[in-house]
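Enquirer: just the structure for this:
(chains A and B)
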Protein chains: 2
Amino acid sequence: MKKLCDFVYGIVGLGLMGGSLGKAIRGNILSGPGSSGKIYGSDINAASLDLAVSQHICDRVFSIDDVDAMLRECDFVYICLYPHATVDFMKAHRDSFKSGAIVSDISGVKALIFDSMDDFMRPDVDFIPGHPMAGSEKEGYVNSSGGIFKNHNYIVMPLESNSRENVELFKTFVSELGFTRVVETDAKIHDHKIAFTSQLCHVIASSLVDSAEDNQITAFGGGSFEDLTRIALINAPLWTELFLANRKELLSHIDRFIQSLSTLRSEIENGEDEKICAYLENVRNRRMAMGRSDSKIGLKKD
Amino acid sequence: MKKLCDFVYGIVGLGLMGGSLGKAIRGNILSGPGSSGKIYGSDINAASLDLAVSQHICDRVFSIDDVDAMLRECDFVYICLYPHATVDFMKAHRDSFKSGAIVSDISGVKALIFDSMDDFMRPDVDFIPGHPMAGSEKEGYVNSSGGIFKNHNYIVMPLESNSRENVELFKTFVSELGFTRVVETDAKIHDHKIAFTSQLCHVIASSLVDSAEDNQITAFGGGSFEDLTRIALINAPLWTELFLANRKELLSHIDRFIQSLSTLRSEIENGEDEKICAYLENVRNRRMAMGRSDSKIGLKKD
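Expert: Numbering: from 1, shown residues only, chains lettered A, B, ... in the order given. So this is what the prediction gives:
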């Protein structure tokens, strides 16, 4: 079986994530002495392609019009597009993948990928859905970095049809990129959990900034506001799509959050010091327990 | 006039903040060759006092029963207690301060300090209210560090009765501790702004943890949840007191936040993609503007 360091990788979409993944593949997987692997890239942004070549991240780049020529040569294709664009791409280029290729995506919502799967799956191509839990508030290839994955989680949602050997290879690949926790789950659980850890947090950070009375507020900041609103430097079109693609799960978490907030609010309004203190003690204990949960629910260190 | 490096400092309360301030005074202000300054400390926790002596942070320590003997010798007294305890201490020991001393506090809510001022002010003691905008989710002297103030804000609320010379000296002192932005304002503005940047953020972080369905959620975290809930490792009694002492301001900010959140929630529920995108674009622009607000509203770099 071919080794990861000898694969031809094809990255579709050289934005922040595609660029960062390419850099991590170049730096961590293809940097050994015997490696014969290559990285190809495709993007609608010609400047990103030029930069990926001049930085020696991509061996060859392809315009989107030429992407089929790229796909035919790749052992591993990484679709690094927004969720709907991922589905559209898979459908439009279904017949161009090399037989035996592994394909994965990075979409932050999986329902619409799984709902469309019948339209793009091929028996001889192994599509392994995944979600790298890393990113940046900065956008585009120009801000990409191979170092953003270190100590982060990667969620893999293997299909029954996936070759177990390929899934294990994919998990090895991911850990070589720098990810330290690989969580195997299914699309339904993924979308439900991510609606909380990711989308709800972006909703809260955005609403907090929106509710600020003025833009000079950081003069009174001590780190808390800054922590809570780092992610409010938000990529608006991407997150609009993510919020809507996972609308039902997200709304349920927003409502639970508002309920928790309203409980604390009314305890404050009523001056119920013992209840507030008990609420905060419980929060502290839970947050400490969350920090120690690495070994739970089938987390595997590869 | 006496120089900062020759002052006798008295720290009342050697917890996380008192300990950290003591360490920064020792490291940044009394570390020069000609310094004759000293640091005295008092706390109810004997172990903290022992540690402060063995670490050479305090030259002498005093039990709370002996604190009047300490106060009588100090040129500068730092009251590092919770808000109500600060008021109680100032009232109980009003007559023990050295004539000409500068006294400051670190209380995160100023209304109750200002409301009680008539009961503890002395014409020959210069009480300069302040609020160092730094801290840690860890507690106690054992977790204190002189390095936590770097690049942080310090809010000073000078009184009309303060000697301008002492206020300037205090601002120099604060900048030597590592604080880079010193904001001068009044207690009313302070309490209003802090209710947003600090207390609201702690309420939100706490409610977010409270609303989590389980404690294994961090397996699905990518950094956002972790960022938003670092401060949820909360000191429950302290924050209960802060929330209640600034209740009116805090409630108004909670309500504005819930209003902003509800707007975004209903846009998501109704699938209004253009409105969501415009909301998030506006948030992004505002957050960027906030990050660049250093030169505004009378911020001074001392």
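
Enquirer: SS state for residue A:155?
Expert: strand (DSSP: H, G, I helix; E, B strand; the rest coil).

Enquirer: who's in contact with it?
Expert: For residue A:155, the contacting residues are A:130, A:131, A:133, A:182, A:183, A:184, A:185, A:190, A:194, B:220, by C-beta atoms under 8 Å, 6 or more residues apart in numbering or on different chains. C-beta: built from backbone N, CA, C; applies to glycine.

Enquirer: for the stretch 1-150 of chain A, what spans make up the helices?
Expert: A:16-24, A:46-54, A:67-71, A:83-92, A:111-115 (DSSP state H, counting those that start in this stretch).

Enquirer: can those helices go into JSON lines with extra columns for mean neighbour count, distance to residue B:70 and mean pLDDT?
Expert: Conversion of the helices of the stretch 1-150 of chain A to JSON lines gives the following (neighbours: other C-beta atoms under 10 Å in any protein chain shown; distance: least, C-beta to C-beta, whole Å; pLDDT from 0 to 100):
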{"stretch": "helix A:16-24", "mean neighbour count": "25", "distance to residue B:70": "56", "mean pLDDT": "98"}
{"stretch": "helix A:46-54", "mean neighbour count": "16", "distance to residue B:70": "63", "mean pLDDT": "98"}
{"stretch": "helix A:67-71", "mean neighbour count": "19", "distance to residue B:70": "75", "mean pLDDT": "98"}
{"stretch": "helix A:83-92", "mean neighbour count": "18", "distance to residue B:70": "64", "mean pLDDT": "98"}
{"stretch": "helix A:111-115", "mean neighbour count": "18", "distance to residue B:70": "65", "mean pLDDT": "96"}
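
Enquirer: quick one: which of these is nearest residue B:9?
Expert: helix A:16-24 (48.6 Å; C-beta to C-beta).

Enquirer: next, the angle from the closest one to helix A:46-54.
Expert: For helix A:16-24 against helix A:46-54, the angle by axes from the mean of the first three to the mean of the last three C-alpha atoms, to 10 degrees is 10 degrees.

Enquirer: where in chain A is pLDDT low?
Expert: Chain A contains residues with pLDDT under 70 at A:1, A:292-302.

Enquirer: quick check, central residue of it?
Expert: residue A:132 (3.7 Å; C-alpha atoms, centre = their mean).

Enquirer: is residue A:227 in a helix, a strand, or coil?
Expert: Residue A:227 - assigned by three-state DSSP - is helix.

Enquirer: just to revisit the earlier point, redo the helices of the stretch 1-150 of chain A as CSV? Include distance to residue A:149.
Expert: As requested, the helices of the stretch 1-150 of chain A are exported to CSV (distance: least, C-beta to C-beta, whole Å):
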stretch, distance to residue A:149
helix A:16-24, 6
helix A:46-54, 18
helix A:67-71, 24
helix A:83-92, 20
helix A:111-115, 21
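
Enquirer: export these to TSV and tack on distance to chain B?
Expert: Formatted as TSV, the helices of the stretch 1-150 of chain A follow (distance: least, C-beta to the nearest C-beta, whole Å):
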stretch	distance to chain B
helix A:16-24	12
helix A:46-54	21
helix A:67-71	27
helix A:83-92	11
helix A:111-115	14
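
Enquirer: just checking, the residue nearest to the centre of chain A touches residue A:24?
Expert: No: the pair formed by residue A:132 and residue A:24 falls short of the contact definition of C-beta atoms under 8 Å, at 9.8 Å.

Enquirer: now the common contact residues for these two.
Expert: Here residue A:132 and residue A:24 have A:149, A:177 as joint contacts, going by C-beta under 8 Å, 6+ apart.

Enquirer: give me the nearest residue to the closest residue to chain B within the stretch 151-300 of chain A, chain neighbours excluded.
Expert: Going by C-beta to the nearest C-beta, chain B is nearest to residue A:222 of the stretch 151-300 of chain A, at 3.2 Å. Nearest in space to residue A:222, with sequence neighbours left out and distances taken as C-beta to C-beta, 6 or more residues apart in numbering or on different chains, is residue B:133 at 3.2 Å.

Enquirer: give me the neighbour count for that neighbour.
Expert: Look at residue B:133: counted by other C-beta atoms under 10 Å in any protein chain shown, it has 23 neighbours.

Enquirer: quickly list what it is bridged to.
Expert: residue B:153 (DSSP bridges).
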